[in-house]
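[1] Whatever this is, show me its structure:
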Amino acid sequence: MYAFAHIDKTAGRTVRAVLRRSFGAGHCEIRTPYARRPADRNDRSVFVTGDDLRRVRRIYRGLRGIAGHNFVGLTDAFDESLLMLGQWLGEPDFRPEYRPVNRLADKQRARDAARARADLGYLEAPDVRARLREVNALDQQVYDFAVRELFARQRQAYVGDLAADVAALRVHNQQVSDWSEPLSGRLLRNWVYKPALVLGLA
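    Now for the predicted structure:
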């Protein structure tokens with residue numbers, strides 16, 4: 001079984017869409033029960049417990065994956081990451097082709113227009129750059145380790161010609177017309193699984 005966790009704005013919704021399309025009702029997206037959700041949406045103190053996972057297994061009889069992990073994907077090597085993920089999963093139903101989802105460049109909300117008009121030149125100031133490096137120092141260490149050790153190891157373990165497979169995937173992505181999740185997966189997730197999880201019915 002795989003588990004998928006992602007950091008905001010790192011192509012997570014596109015990966016989630018790939019998993020939904022590949023595995024349908026076999027892909028679970030855990031929802032914290034309403035009774036345990038904090039009033040502050042930014043409060044990250046609530047986490048998934050063992051009881052939550054056992055409840056998921058009771059509801060999702062055909063569970064194959066949950067949307068952390070021994071596999072690392074990189075946004076700036078997204079196509080490579082998807083192909084390596086497919087081999088790592090070893091699931092014959094996995095389909096790496098995709099269309100980008102939830103891209104900031106595609107959004108046309110009022111706050112997106114305001115951001116486009118904003119003057120962000122101050123971010124180039126030396127003192128601001130130094131402060132950004134300081135507050136992100138630990139995150140940068142984690143990223144550098146993932147690229148240097150984990151991602152490099154996954155590349156070495158890939159069976160086949162990764163560069164050629166990436167090129168073929170990109171050609172295939174241009175020809176994808178129907179990129180929808182199976183109807184059965186949508187119905188079960190939205191009308192059976194999700195209500196059962198968030199309401200604590202299982």
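
[2] So which elements touch the longest helix seen in the chain?
    When the chain is parsed with DSSP state H, its longest helix is helix 162-175. With contacts defined as 3 or more Cβ pairs under 8 Å, 6 or more residues apart in numbering; DSSP states H and E, helix 162-175 has these neighbours: helix 78-89. In this view, the C-beta of every residue, glycine as well, is placed from N, C-alpha and C.

[3] Let me see the contact set for Gly73.
    Val15, Ser81, Leu82, Met84, Leu85 (Cβ atoms under 8 Å, 6 or more residues apart in numbering).

[4] How about the host helix or strand of the first one, which residues are buried there?
    I take that to be Val15. Using DSSP states H and E, Val15 sits within helix 12-23. Buried residues in helix 12-23, counting neighbours by 16 or more other Cβ atoms under 10 Å, are found at Gly12, Thr14, Val15, Arg16, Ala17, Val18, Leu19, Arg20, Arg21, Ser22, Phe23.

[5] Just the mean pLDDT for it, thanks.
    Taken as a whole, helix 12-23 carries a mean pLDDT of 79.

[6] could you give the angle of it to helix 78-89?
    40 degrees (axes from the mean of the first three to the mean of the last three Cα atoms, to 10 degrees).

[7] pull the CA atoms of helix 12-23 into CSV?
    Extracted C-alpha coordinates of helix 12-23, given in CSV (Å, rounded to 0.1, in the frame of the first residue of the first chain):
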residue,chain,number,x,y,z
GLY,A,12,0.1,17.7,-5.1
ARG,A,13,-3.3,18.1,-6.7
THR,A,14,-2.0,16.9,-10.0
VAL,A,15,-0.5,13.8,-8.4
ARG,A,16,-3.7,13.2,-6.5
ALA,A,17,-5.6,13.4,-9.8
VAL,A,18,-3.2,10.8,-11.3
LEU,A,19,-3.8,8.5,-8.3
ARG,A,20,-7.6,8.9,-8.5
ARG,A,21,-7.6,8.2,-12.2
SER,A,22,-5.4,5.2,-11.8
PHE,A,23,-7.0,3.5,-8.8
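
[8] helices or strands next to that helix in the packing?
    On a contact count with 3+ Cβ pairs under 8 Å, 6+ apart, helix 12-23 meets helix 78-89.

[9] Quick one: mean pLDDT for the helix it packs on?
    Rounded mean pLDDT across helix 78-89 is 91.

[10] Identify the residues contacting it?
    2, 11, 14-15, 18, 70-74, 94, 96, 98, 154-155, 157-159, 162, 165-166, 169-170.

[11] Please type out the ChimeraX selection for whichever of the residues you listed turn out to be buried.
    Only the buried entries of the contacts of helix 78-89 go into this ChimeraX selection, using 16+ other Cβ under 10 Å:
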select :2,11,14,15,18,71,72,73,74,94,96,98,154,162,165,166,169
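
[12] if I look at Gly185, how far off is Ala196?
    15 Å (Cβ to Cβ, to the nearest Å).

[13] This completes my enquiry, with thanks.
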